[in-house]
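K.L.:
Using only what follows, build the 3D model:
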Amino acid sequence: MPAGAGEPIAETPAQRDARLAWWREARFGLFLHWGPVSLQGTEISWSRANSNPAHPNKGPIPVDVYDHLYKEFNPTRFDAQRWVAVAKAAGKKYVILTAKHCDGFCLWDSNASDYNIMRMPLRRDVCAELAAAVRKEGLRIGRYYPPMDWRDPDCRTERNATYVASMQEQLRELLSRYGRIDLLWFDTDGNPAPWNQERTYRLVRSLQTEIIINYGISYFPNVSMGWDSSPRANQADKFGNLGYPFINTISGNTPERFREALEIAHKRLLARKSGPRVLTVNSWNEWTEGSYIEPDTVHG
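P.N.:
Now for the predicted structure:
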């Protein structure tokens, strides 16, 4: 592995294949979008009203409402073991959690941001509990983390360097406190990525030498890659970062709508003949009380 991510990874093709082997074989995983916005049953981040014209979101929920949902979100029945048990029973090989989405809310006990889960009534580190549960069941654990933050007043402004320093400190927390992290899922909102790519990759690889990183932002900082049919899925770039897999996203704010979307996604996933497959469960409403996945709502 290199000292920095601005250079090609110093590994042979055989070493790279060995590092990526588990991902190529796994193929089916669970991608969890979850947080205070689950109370609204709306799309995470994108349903937040715009507070900075440099960001693309134009959601219907006023900023003053969206940014204070955490005060009401108290999923006391959150059970990481049950979540992972359902994922494993469905045949999933890894679990990726949106540790933070573009709305800026952190699902871990962060010192780098006071907008985090420890300010909720729940006061439990979801990232820690889920990582422990995933490892106990022998699955792989991943983190979703976007380099942009639509709530942070410094992001994509003349103070962006201050934002980047804070963003990198958050990554340091996520990748140094919870043992081995197998995947890091960076994302783009279609606008220029407000980060120092080389320095950020160097930090990530210094903390998790065997981690697999998707490379959507690296080469396409202004364009969102195709989710369903990226030709680069299951391939690594010169930095060792991986392209997007085939993904289906399901969401619904009633059990009936959720199950209907799940059935459609399930058929599409089974029709996929090669490459990894990911089932993304978007934020659901209080019919699960924001706490657990019913065993009959997620299957392989």
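
K.L.:
Can you name the helix or strand that residue 189 falls in?
P.N.:
For residue 189, there is no enclosing helix or strand under DSSP states H and E.

K.L.:
how much space between it and residue 209?
P.N.:
Taking C-beta to C-beta, to the nearest Å as the measure, residue 189 falls 29 Å from residue 209. Glycine gets a C-beta too; all of them are placed from N, C-alpha and C.

K.L.:
These two - which one has more neighbours?
P.N.:
residue 189 (18 against 11; other C-beta atoms under 10 Å).

K.L.:
Need the pLDDT of the more buried one.
P.N.:
For residue 189, the pLDDT comes out at 86.

K.L.:
Does residue 61 touch residue 40 like I think?
P.N.:
Yes - here residue 61 reaches residue 40: they are 6.3 Å apart, a contact under C-beta atoms under 8 Å.

K.L.:
Could you tell me which residues touch both of those two?
P.N.:
residue 47 (C-beta atoms under 8 Å, 6 or more residues apart in numbering).

K.L.:
if you count what's nearby, which of these two comes out ahead?
P.N.:
Higher neighbour count among residue 61 and residue 40: residue 40, with 20 against 16, using other C-beta under 10 Å.

K.L.:
Now do the same contact list for the more buried one.
P.N.:
Residue 40 neighbours (C-beta under 8 Å, 6+ apart): 47, 61, 66, 69, 285.

K.L.:
and the nearest residue to the first one once chain neighbours are set aside, how many residues sit next to it?
P.N.:
So the one you mean is residue 47. For residue 47, ignoring the flanking residues on the chain, the nearest one in space by C-beta to C-beta, 6 or more residues apart in numbering is residue 59 at 3.9 Å. Residue 59: 19 surrounding residues under other C-beta under 10 Å.

K.L.:
now residue 59, what's its secondary structure?
P.N.:
Secondary structure, DSSP: H, G, I helix; E, B strand; the rest coil: residue 59 is coil.

K.L.:
pretty sure it is in contact with residue 44, am I right?
P.N.:
No - using C-beta under 8 Å, residue 59 makes no contact with residue 44, being 10.0 Å away.

K.L.:
Residue 169 belongs to a helix?
P.N.:
Yes - using three-state DSSP, the assignment for residue 169 is a helix.

K.L.:
residues contacting it?
P.N.:
Contacts of residue 169 (C-beta under 8 Å, 6+ apart): 111, 112.

K.L.:
Likewise for the one 4 residues further on?
P.N.:
Taking C-beta under 8 Å, 6+ apart as the criterion, residue 173 is in contact with 108, 110, 111, 112.

K.L.:
Please report phi then psi for it.
P.N.:
phi -60, psi -50 (degrees, to the nearest 10).

K.L.:
For stretch 52-60, list the C-alpha coordinates in PDB.
P.N.:
Presented in PDB, the C-alpha positions along stretch 52-60 are these (Å, rounded to 0.1, in the frame of the first residue of the first chain):
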ATOM      1  CA  ASN A  52     -26.600  27.300   0.300                       C
ATOM      2  CA  PRO A  53     -26.900  27.900  -3.500                       C
ATOM      3  CA  ALA A  54     -23.700  25.900  -4.100                       C
ATOM      4  CA  HIS A  55     -25.600  22.800  -3.100                       C
ATOM      5  CA  PRO A  56     -28.200  21.100  -5.300                       C
ATOM      6  CA  ASN A  57     -30.900  20.100  -2.700                       C
ATOM      7  CA  LYS A  58     -34.200  21.800  -3.000                       C
ATOM      8  CA  GLY A  59     -36.400  19.800  -0.600                       C
ATOM      9  CA  PRO A  60     -39.800  20.600   0.900                       C
END
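
K.L.:
residues of it that come out buried?
P.N.:
The neighbour-count check on stretch 52-60 (16 or more other C-beta atoms under 10 Å) flags 52, 55, 57, 59 as buried.

K.L.:
what's the answer for stretch 59-69, then?
P.N.:
In stretch 59-69, the ones that count as buried by 16+ other C-beta under 10 Å are 59, 61, 66, 67, 69.

K.L.:
Quick check: of those residues, which lies closest to residue 27?
P.N.:
residue 59 (33.1 Å; C-beta to C-beta).
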